[in-house]
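S.K.: Structure here, sequence nowhere to be found:
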């Protein structure tokens with residue numbers, strides 16, 4: 001079987017590696033529009049069990065990546081310059097370029113043909129190859145061109161969140177994944193920060209639409225916008241600067257497709273649905289899409305149509321929990337500016353309950369130290385009232 005993959009990000013490269021590992025007679029080519037050494041963004045963060053989901057599917061790759069991970073077991077909520085630690089919150093991170101390089105080497109060693117600096121044409125590839133996999137992210141050419149063709153498309157829906165965010169890096173190395181809330185004369189901001197190497201951290205700045213408008217961030221130059229954000233978070237940055245990698249203000253796109261497969265084409269990861277960055281599971285979810293797709297292709301080798309139908313049906317079901325959590329999390333962030341009158345620990349509790357609406361007893365099992373501190377504050381407030 002001849003297989004083409006559009007997109008040389010984590011999902012596309014990992015799908016290629018798995019296909020060659022499971023189906024050694026398959027000819028696999030990955031087409032990536034950027035250079036091999038080019039990427040945007042900074043680090044990639046994994047929540048919970050981090051990369052251990054790879055341990056069974058790709059043990060060698062798992063061991064290589066595990067040695068490169070920055071790991072921690074606390075989440076820090078910073079509000080009014082007070083840090084609230086939340087125990088039992090495991091995360092890991094790695095530089096995006098490091099992750100890509102490991103996947104590139106592994107895929108190439110497995111016999112995958114990697115074609116960089118090449119803008120693929122989906123129509124031509126669908127005719128030339130037996131299977132075409134779209135792993136080309138939020139701006140998927142395969143998805144958009146297929147939808148433009150009409151009834152035969154993936155039937156995608158795209159809705160933009162109202163908040164704005166911008167992706168920076170910094171040499172300030174944070175002890176844990178930290179959510180840093182701040183206010184100035186224009187309104188409310190939050191920074192999503194985590195270290196991804198011993199010397200660098202990701203620093204995503206987010207604000208609500210009203211703050212964005214009042215601060216006139218949309219009218220600023222890139223340098224002025226960067227300087228404004230550095231001033232808002234001067235205390236957190238502690239003298240370190242923000243760094244840009246073609247950083248620009250964005251609105252998070254909520255992408256959903258009624259169909260993930262169409263004919264001999266299939267979508268993975270952000271190309272078919274987005275997972276909000278606030279839960280640290282987008283890359284993991286996309287790579288798990290690849291695992292599910294290749295398992296279906298392996299099980300139904302003689303019938304591509306059945307394999308693709310099985311992939312979509314089973315993966316939709318298994319991904320529904322994380323997709324639902326991501327939706328509730330982004331809804332919380334869309335309203336975060338209304339929550340900053342709370343005390344630091346009250347805000348932390350509000351944040352922790354945003355997804356599953358956990359009660360205190362369930363949270364106690366997850367984060368006993370945090371719950372003890374929260375209940376002490378509640379008792380003190382009750383005593384003063």
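M.R.: Looks like it came in fine. Since the structure is predicted, the reported quantities are computational estimates derived from the model, not experimental observations.
S.K.: got any ranges where this structure has weak pLDDT?
M.R.: In the prediction, the chain carries residues with pLDDT under 70 at positions 49-50, 150-152, 355-358.
S.K.: how's it carved up into domains?
M.R.: 2-40+95-160+253-333, 164-243, 339-384 (automatic domain parsing).
S.K.: Give the next helix or strand downstream of the helix of greatest length in the chain.
M.R.: Criterion DSSP state H: the longest helix present in the chain is helix 304-334. With elements assigned by DSSP states H and E, the helix or strand that comes after helix 304-334 is helix 344-352.
S.K.: Would you mind getting the angle between that following helix and helix 304-334?
M.R.: 160 degrees (axes from the mean of the first three to the mean of the last three C-alpha atoms, to 10 degrees).
S.K.: which secondary structure elements does helix 344-352 contact?
M.R.: strand 70-79, strand 82-95, helix 368-384 (3 or more C-beta pairs under 8 Å, 6 or more residues apart in numbering; DSSP states H and E). In this view, the C-beta of every residue, glycine as well, is placed from N, C-alpha and C.
S.K.: what inclination does that helix have with respect to helix 368-384?
M.R.: Using the same axes, to 10 degrees: helix 344-352 against helix 368-384 is 130 degrees.
S.K.: what sits up against the next helix or strand after helix 344-352?
M.R.: Downstream of helix 344-352, the first helix or strand assigned by DSSP H and E is helix 360-366. With contacts defined as C-beta atoms under 8 Å, 6 or more residues apart in numbering, helix 360-366 is touched by 88, 352-353, 358, 370-371, 374-375.
S.K.: By neighbour count, which of the residues you listed wins?
M.R.: Counting neighbours by other C-beta atoms under 10 Å, residue 370 leads those with 24 neighbours.
S.K.: what sits against the most centrally placed residue in the chain?
M.R.: With distances taken as C-alpha atoms, centre = their mean, residue 282 lies nearest the centre of the chain, 3.1 Å away. Residue 282 makes contact with 269-270, 274-276, according to C-beta under 8 Å, 6+ apart.
S.K.: ok, now with 10 Å
M.R.: Contacts for residue 282 (C-beta atoms under 10 Å, 6 or more residues apart in numbering) come out as 10-11, 44-46, 269-270, 274-276, 322, 326.
S.K.: From those, which land in helices?
M.R.: Among those, the ones falling in helices (DSSP H) are 10-11, 322, 326.
S.K.: Closest one of those residues to residue 260?
M.R.: Nearest to residue 260 out of these is residue 11 (C-beta to C-beta; 12.7 Å).
S.K.: related to what we said a few turns ago, include distance to residue 332 when you put the contacts of helix 360-366 into CSV, please.
M.R.: CSV is the format used below for the contacts of helix 360-366 (distance: C-beta to C-beta, whole Å):
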residue, distance to residue 332
88, 19
352, 10
353, 9
358, 13
370, 18
371, 19
374, 18
375, 22
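S.K.: what about the strands in the stretch 1-150 of the chain?
M.R.: Shown for the stretch 1-150 of the chain, the strands assigned by DSSP state E, counting those that start in this stretch span residues 2-6, 27-31, 43-47, 70-79, 82-95, 113-115, 131-134.
S.K.: ok so, going back, which one of the helices and strands packed on helix 344-352 lies nearest to residue 264?
M.R.: Nearest to residue 264, of all those, is strand 82-95, at 33.5 Å by C-beta to C-beta.
S.K.: Give me the angle between that closest one and helix 344-352.
M.R.: Relative orientation of strand 82-95 versus helix 344-352 (the same axes, to 10 degrees): 40 degrees.
S.K.: What strands line up against strand 82-95, and which way round?
M.R.: strand 43-47 (antiparallel), strand 70-79 (antiparallel) (DSSP bridges).
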